[in-house]
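Visitor: just a sequence and a predicted model for now, questions to come.
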Protein chains: 2
Amino acid sequence: MKRKSLDDAACPIARSLESIGEWWSLLIVRDALMGKRRFGEFQKSLGLAKNILAARLRKLVARGIFRLEPAADGGAHREYVLTDKGRELGMALFALRLWGYRWLYSDTDPALRIAVDRATGEKIVGFALRTRDGHLVTPRDVTFLTRDGVEAEPVPPPAAP
Amino acid sequence: MKRKSLDDAACPIARSLESIGEWWSLLIVRDALMGKRRFGEFQKSLGLAKNILAARLRKLVARGIFRLEPAADGGAHREYVLTDKGRELGMALFALRLWGYRWLYSDTDPALRIAVDRATGEKIVGFALRTRDGHLVTPRDVTFLTRDGVEAEPVPPPAAP
């Protein structure tokens, strides 16, 4: 569908969706976070037509989410490596992962996974944030400031499960 | 593009993207989290053609992300209200919001917002999680168990900015 670009939207969610580009592109980022780097690895994982995958990867490189590097094994092919910008999409993917397990799996689904704190075995049920000085706070503790340090219009915190 | 459904994919991210459906649909959820409930409000905010918005909303209702309710003011129209399932997408949207502000805005962009801890003014720089018993932990503390309590294949934690 032809539509207006959201590159210059005020809303960071709209800009993010524009930058990520396509529905499938988050699955390419997911695969890269799991260690895939080669065109053939992405193609096998996603079952996408080669020309479509190539177009998606080209856009992700242009957007600075991937960069192209020489093959780690010295081969002739090049590899797709997530930039810092790309790796930080892991936050949104982690949230989608938790949402998916919570809402889209039956209790008997063999693919179901339960996120727990490794140290205590307690289930993960919600989302929190880390400040620069290392504190962990809940979304309700967060506010958004303008460049001038003025509190911006309130953004509702995500619902706690 | 016609493609295979990911409703039954093992991966929760793939299933989530399938369930959300379309690129634009997350912006409808965003608007609903900000308080919009009426077709005309979404249409004005998003600038989408009516037939396309109607199709998106129909799918979001079918997927259990919105439900239809009688108008709060007793009017003849019906309103689109997020279900619990829909509101919990707020976690993923919050992560996209932070990513967008971090990577897609110049320092001089008047729309730039800075997420801070309201109590201390410290910048938010990362992501954390809340356990059922109320503890906050980092993504690196999280592991995924199968239904039988066996640790599943490792999932890389999101990169810390």
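Guide: All right, it came through fine. Residues are numbered from 1 along each chain as shown, chains lettered A, B, ... in the order given.
Visitor: longest strand of chain A?
Guide: strand A:124-131 (DSSP state E).
Visitor: what about that strand and chain B, touching?
Guide: Yes: using Cβ under 8 Å from any Cβ of the partner chain, strand A:124-131 reaches chain B at A:124-131. All C-beta spots, glycine's among them, are computed from the backbone N, C-alpha and C.
Visitor: now for those: which two are most distant?
Guide: A:Val125 and A:Thr131 (21.1 Å; Cβ to Cβ).
Visitor: of the two, who's got more company?
Guide: A:Thr131 (22 against 16; other Cβ atoms under 10 Å in any protein chain shown).
Visitor: just for chain A, where's the confidence low?
Guide: Scanning chain A with the threshold set as pLDDT under 70 gives A:1-4, A:154-161.
Visitor: now do the strands in it.
Guide: So, for chain A - with DSSP E - the strands run A:66-70, A:78-82, A:114-117, A:124-131, A:136-137, A:142-145.
Visitor: most packed of those strands?
Guide: Here the criterion is mean neighbour count by mean count of other Cβ atoms under 10 Å in any protein chain shown, and of those the winner is strand A:124-131, at a mean of 23.
Visitor: quick one: contacts of that strand?
Guide: A:95, A:98, A:115-117, A:136-139, A:141-142, A:158, A:160-161, B:91, B:94, B:115-117, B:120, B:122-132, B:136-138, B:142, B:160 (Cβ atoms under 8 Å, 6 or more residues apart in numbering or on different chains).
Visitor: now swap in stretch A:7-15 and tell me
Guide: A:6, A:18-19, B:26-27, B:30, B:93, B:96-101, B:104-105, B:111, B:113.
Visitor: put the buried members of those residues into a ChimeraX selection.
Guide: Isolation of the buried members of these (16 or more other Cβ atoms under 10 Å in any protein chain shown) is achieved in ChimeraX through the command below:
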select /A:6,18,19 /B:26,27,30,93,96,97,98,99,100,101,104,105,113
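Visitor: middle-most residue in chain A, spatially?
Guide: A:Leu89 (3.1 Å; Cα atoms, centre = their mean).
Visitor: what's the closest non-adjacent residue to that one?
Guide: A:Val29 (5.2 Å; Cβ to Cβ, 6 or more residues apart in numbering or on different chains).
Visitor: how many neighbours does that neighbour have?
Guide: Neighbours of A:Val29 (other Cβ under 10 Å): 21.
Visitor: returning to what we had before: and the longest strand of chain A with strand B:124-131, angle?
Guide: Relative orientation of strand A:124-131 versus strand B:124-131 (axes from the mean of the first three to the mean of the last three Cα atoms, to 10 degrees): 160 degrees.
Visitor: next one: strand A:124-131 to chain centre, how far?
Guide: 16 Å (Cα atoms, centre = their mean, to the nearest Å).
Visitor: how about the helices in chain A?
Guide: Counting by DSSP state H, chain A has helices at residues A:12-20, A:25-33, A:39-46, A:50-62, A:84-87, A:90-103.
Visitor: what residues sit buried inside stretch A:52-65?
Guide: Neighbour-count burial for stretch A:52-65 [16+ other Cβ under 10 Å]: A:53, A:56-57, A:59-61, A:63, A:65.
Visitor: give the burial count for A:Asn51, as a bare number.
Guide: 8.
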